[in-house]
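S.K.: This is a predicted model, with the sequence first.
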Amino acid sequence: MRGQQPALHLFRDAQAVAQLSPEELCARWIDAAQVVSRALEIVVAFHVAAAAPLILEGDAILPTLAAQRVILGVPVAGRVRSVFLVEPDEGLLLSNARAPRVAGGAEPGLVGCPGRGRGGQSVAAPVTIAPALVGVAR
């Protein structure tokens, strides 16, 4: 299973993460967030279609998920809201990203990559995503 989504497994190897430049680390975090955000599309579309409230939270959800007007054929504009918390201290982000993960415990992680969004990633959206919190409105 590990080979199916390598972007999701890089952060399990603290030595590999420690070797990355801040720019490469941010790019790899965005790669992982793209995989996670794509996987969450079906969850958001289902909850909008079913009019079932939902809140998603995580540090690996991109603003592009919340910015979509249609997800998997389901119109979501006006039904999904987002809130993104952004840590402006890049040094803190870097130390959190390089911190060892604790098995079974809370894992520190990036809140965002200020000024480094790839492909026009911006914090403009109509979903509820808070360090990526996605909420579906009734």
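M.R.: Great, that's in hand. In this text, all values refer to a predicted model and were calculated from it rather than measured experimentally.
S.K.: What residues of the longest helix along the chain count as buried?
M.R.: Once the chain is assigned using DSSP state H, the helix that runs over the most residues is helix 22-49. Along helix 22-49, these residues count as buried under the neighbour rule (16 or more other Cβ atoms under 10 Å): 25-26, 28-34, 36-37, 40, 44-45, 47-49. C-beta here means a position set from N, CA and C on the backbone, and glycine is covered the same way.
S.K.: go on, stretch 10-19?
M.R.: F11, V17.
S.K.: Start at 883, not 1
M.R.: Renumbered: residue one is now 883, and that last one reads stretch 892-901.
S.K.: what's the span of that stretch, first residue to last?
M.R.: End-to-end distance of stretch 892-901 (Cα to Cα, to the nearest Å): 11 Å.
S.K.: got the residue ranges for the helices in this structure?
M.R.: Secondary structure of the chain by DSSP H: the helices cover 888-891, 896-901, 904-931, 945-949, 972-980.
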